[in-house]
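*Asks:* structure, please.
(one chain, ligands or ions: 1)
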Amino acid sequence: MAAKLLRSARWYMASDMRAFAHRQRTQQMGFRRQDFMGKPVVAVVNTWSEMSPCHIHLRERAQKVKDGIWQAGGFPVELPALSLGEVIVKPTTMMYRNLLAMEVEELLRSHPIDGAVLLGGCDKTTPGLLMGAISMGLPAIYVPAGPMSNARWRGQKVGAGTHTRKFWDELRAGKISQEDWVELESRMTRTIGTCNTMGTASTMTAIAEALGFTLPGASSIPASDSGHARMAHEAGERIVAMIAEDLKPADIFTQNALRNALVTLMALGGSTNAVVHVVAMARRAGLKLELEAFDAAGRATPVLANVFPAGDNLMEDFFFAGGLPAMLVQLHDRLALECRTVNGKTLGENIATAKVWDADVIRPLANPVTKGAPIAVLRGNLAPDGAVIKASAADPRLAKHRGRAVVFKNHADLSARIDDPSLPVDADSVLVLQSAGPKGGPGMPEWGALPIPKKLLAQGVRDMVRVSDARMSGTHYGTCVLHVAPESHVGGPLAFVEDGDFIELDVEARRLHLDVSEAELARRKAAWIPPPLRYARSYGVLLERHIGQANDGADFDFLEQGAPVPEPEIF
Ligand code: FES
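*Replies:* Here you go, the predicted model:
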């Protein structure tokens, strides 16, 4: 490869004092001149951390990636990046997705990097890594961490997240004991890897693959399968060729690829979080994407992946059934098969030989898991800029519902009162949570599956209509209207809902209506006092001033498309 074509050559190949220092300092780390001179320098961006259980194997995988890069004639450098362990990071990883995206972009820009292999998988890391890479525009390949293996408890399949919520409700209803609950702690997440349900991690890594950012089949390989290490090795080999071919994100992430991602999301019965992330990724790439495109994809594409929470299997079953390539074969007439992918082939070429080995786990179009739209986009006077509902994980009985609002002002209010025996709530009530959006949460936490009040659990109630500007974990389920925009914190209509107001949900009509007169709503709006700013310093200031609404992807306004950023001066 001609060294002058490499971006890294600006650092290494000049004959001035600075280039001397760059070569000198690289040799200081024990590398020989011939290890890096004239070679493509590949960043292995690693989100490994001991606070990120889903990524605990990524150190070993990074080594495999590096082996591949060396063997293909590149020079690998591992760059640690912010790790966002979904369960542990507070108040929510979503608060830091944009920070990770910024970090990735600036890591790649500020170092002598020619291409990148991105290692992640836990929920926000996939969009964060890809958003940064899309903005930087260098050749990049994604290595998903892979789902954890199947787990069972007392004979039944149990999935991360989905069954945590299920058993929590059973515990609160007195159906399982405290001892059972403690035993479950060590049984449900028994191997390395990301959540083994069709949560946000499995959804986003599959979307990354459908977009063409991973090697074929990569997103379905369980983390503990030996094939996962081989996939990492191959990704390292492949990125060196991608740099030679100058195959960049813009060549892969096109309007047609975006359509493929939406079809894939629906057929997976995937997480509603993907709506926010895919919009943000599209806007980074300058692609057009309205919420209604999700709705149209949902109307046309039933759920084919029989995986929790929409179905009743786990990601390892999905892998053995043929994985994502086999599911995409079922959808071939709805996909733009000519889209290019990181291995240099088209999506159509990549899935040409894929087969379904278990037609119950990966269903044909003639026998879907659920028939209605997996995700529907709602509008109405309560959500003028849109809201979403995961219809495939909701009780069909509640798809058309009218009930009185029980309003919680924020999450603390919800926690304090939800199990209060005197709470005026019944099975027909609509639980409303305010102050949980991108600014209000802050960071739009996954509070959208509001818990069912304990007294109703005891009566056997397991689902209710819930409305909020929050998100919901992809592993959760229930009739939860999410991402209401504009959010209550900025004066969206959700801020004006009061106890006892009637709310109407009609999923078929895509309608979310607050049955309060316009005059009364105007009166409440006039009396509304905007909440004060929360942060005087720190990253929170950036978030409070620049984060967008859910329907716009909740990205920072200054990170979306704009004039090209100049390359750093080297002196
Ligand atoms: Fe990491 Fe679910 S907690 S993927």
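*Asks:* quick one: E316 from G137, how far?
*Replies:* E316 sits 36 Å away from G137, going by CB to CB, to the nearest Å. Every residue, glycine included, has its C-beta placed from N, CA and C.
*Asks:* residues from this protein in reach of the ligand?
*Replies:* C54, E86, V87, C122, D123, A160, T194, C195, G199, A201 (CB under 6 Å from any ligand atom).
*Asks:* which residue ranges of this structure form strands?
*Replies:* If DSSP state E is used as the criterion, the strands of the chain fall at 41-46, 75-80, 115-120, 140-144, 152-153, 156-157, 375-380, 383-390, 400-408, 430-433, 465-468, 480-482, 502-506, 511-514.
*Asks:* report all helices and strands that the last one contacts.
*Replies:* Which is strand 511-514. In terms of contacts (3 or more CB pairs under 8 Å, 6 or more residues apart in numbering; DSSP states H and E), strand 511-514 is packed against strand 375-380, strand 502-506.
*Asks:* and if you look at the fifth one?
*Replies:* Packed against strand 152-153 by the contact rule (3+ CB pairs under 8 Å, 6+ apart) you find no helix or strand.
*Asks:* quick one: strands adjacent to that strand?
*Replies:* Strand 152-153 pairs in its sheet with strand 156-157 (antiparallel), by DSSP bridges.
*Asks:* now do the strand it pairs with: distance to the chain's middle.
*Replies:* In terms of CA atoms, centre = their mean, to the nearest Å, the centre of strand 156-157 is set 26 Å apart from its chain centre.
*Asks:* below-threshold pLDDT in the stretch 451-571 of the chain: ranges please.
*Replies:* The stretch 451-571 of the chain contains no residues with pLDDT under 70.
*Asks:* mind checking which helix or strand of the protein has the lowest mean pLDDT?
*Replies:* helix 162-172 (a mean of 87; mean pLDDT, DSSP states H and E).
*Asks:* show me what counts as buried in that one.
*Replies:* T162, H163, T164, R165, K166, F167, D169, E170, L171, R172 (16 or more other CB atoms under 10 Å).
*Asks:* the fourth one: what's it in contact with?
*Replies:* Under the criterion of CB atoms under 8 Å, 6 or more residues apart in numbering, the contact list for R165 reads A449, S473, T475, H476, Y477.
*Asks:* dump those to a markdown table, plus neighbour count.
*Replies:* Below are those laid out as a markdown table (neighbours: other CB atoms under 10 Å):
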| residue | neighbour count |
| --- | --- |
| A449 | 24 |
| S473 | 27 |
| T475 | 28 |
| H476 | 23 |
| Y477 | 23 |
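*Asks:* one step back: got the CA coordinates for the least confident helix or strand of the chain in CSV?
*Replies:* Output in CSV follows, covering the C-alpha atoms of helix 162-172 (Å, rounded to 0.1, in the frame of the first residue of the first chain):
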residue,chain,number,x,y,z
THR,A,162,-37.3,-10.1,30.6
HIS,A,163,-37.4,-12.6,33.5
THR,A,164,-35.9,-10.2,36.0
ARG,A,165,-39.0,-8.0,35.6
LYS,A,166,-41.3,-11.1,35.5
PHE,A,167,-40.0,-12.6,38.7
TRP,A,168,-39.9,-9.2,40.4
ASP,A,169,-43.6,-9.0,39.8
GLU,A,170,-44.0,-12.6,41.1
LEU,A,171,-42.0,-11.7,44.2
ARG,A,172,-44.1,-8.6,44.9
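*Asks:* how far does it sit from the chain's center?
*Replies:* 23 Å.
*Asks:* that older thread, wait, which of the residues of the chain next to the ligand is closest to H111?
*Replies:* Nearest to H111 out of the residues of the chain next to the ligand is C122 (CB to CB; 24.2 Å).
*Asks:* okay, now the spatially closest residue to the closest one that is not a sequence neighbour: neighbour count?
*Replies:* For C122, ignoring the flanking residues on the chain, the nearest one in space by CB to CB, 6 or more residues apart in numbering is C54 at 4.0 Å. A count of neighbours around C54, defined by other CB atoms under 10 Å, yields 30.
*Asks:* from the ligand, how far out is P309?
*Replies:* Per CB to the nearest ligand atom, to the nearest Å, P309 is found 13 Å from the ligand.
*Asks:* can you tell me how far V182 sits from Q549?
*Replies:* In terms of CB to CB, V182 sits 41 Å off from Q549.
*Asks:* count the residues that sit near D67.
*Replies:* D67 - counted by other CB under 10 Å - has 16 other residues nearby.
*Asks:* tell me who's in contact with it.
*Replies:* D67 neighbours (CB under 8 Å, 6+ apart): H233, G236.
*Asks:* over to I69?
*Replies:* Applying CB under 8 Å, 6+ apart, the residues near I69 are V42, V44, F75, P76, V117, G236, E237, I239, V240.
*Asks:* mind checking pLDDT for it?
*Replies:* Listed pLDDT for I69 reads 98.
*Asks:* cool, and R59?
*Replies:* 98.
*Asks:* residues near it, how many?
*Replies:* 13.
*Asks:* need the pLDDT of the residue nearest to it when sequence neighbours are not counted.
*Replies:* Distances taken as CB to CB, 6+ apart place W48 nearest to R59, at 5.1 Å, with adjacent residues excluded. At W48, the model reports a pLDDT of 98.
*Asks:* pretty sure W48 sits against L119.
*Replies:* Yes: counting by CB atoms under 8 Å, W48 does reach L119; the two are 7.3 Å apart.
*Asks:* joint contacts of these two?
*Replies:* H55, L58, A62.
*Asks:* out of these, which is nearest to L456?
*Replies:* Closest to L456, out of all of those and judged by CB to CB, is H55, at 37.7 Å.
*Asks:* and the residue of the stretch 201-350 of the chain found nearest the ligand, how many neighbours?
*Replies:* Relative to the ligand, the nearest point of the stretch 201-350 of the chain is A201 (3.4 Å; CB to the nearest ligand atom). Residues within reach of A201, counting by other CB under 10 Å, total 35.
*Asks:* who's in contact with it?
*Replies:* C54, E86, G121, C122, D123, T126, A145, P147, T194, C195, G474.
*Asks:* just to revisit the earlier point, could you dump the residues of the chain next to the ligand into CSV with pLDDT added?
*Replies:* CSV is the format used below for the residues of the chain next to the ligand (pLDDT from 0 to 100):
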residue, pLDDT
C54, 97
E86, 94
V87, 93
C122, 97
D123, 96
A160, 87
T194, 97
C195, 96
G199, 93
A201, 97
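*Asks:* buried ones in stretch 68-77, by neighbour count?
*Replies:* For stretch 68-77, by 16+ other CB under 10 Å, it's G68, I69, W70, A72, G74, F75, P76, V77.
*Asks:* got any ranges where the chain has weak pLDDT?
*Replies:* For the chain (pLDDT under 70), the answer is 1-4.
*Asks:* and the angle for whichever helix in it runs longest with strand 75-80?
*Replies:* Longest helix in the chain, counting residues (DSSP state H): helix 226-245. Going by axes from the mean of the first three to the mean of the last three CA atoms, to 10 degrees, helix 226-245 is angled at 120 degrees with respect to strand 75-80.
*Asks:* mind listing what's buried along helix 226-245?
*Replies:* For helix 226-245, the neighbour count (16+ other CB under 10 Å) marks 228-229, 231-244 as buried.
*Asks:* am I right that I176 is in contact with E170?
*Replies:* Yes: contact criterion CB under 8 Å: I176 and E170 qualify, at 4.7 Å.
*Asks:* just to revisit the earlier point, between V182 and Q549, point out the one with more neighbours.
*Replies:* More crowded of V182 and Q549, by other CB under 10 Å: Q549, with 22 against 9.
*Asks:* wait, what's in contact with the more buried one?
*Replies:* Contacts of Q549 by CB under 8 Å, 6+ apart are D385, G437, P438, A485, P486, E487, V490.
*Asks:* ok, and the closest non-adjacent residue to the fifth one?
*Replies:* Just to be clear, that refers to P486. G492 (3.4 Å).
*Asks:* and for that neighbour, the neighbour number?
*Replies:* A total of 21 residues lie near G492 under the criterion other CB under 10 Å.
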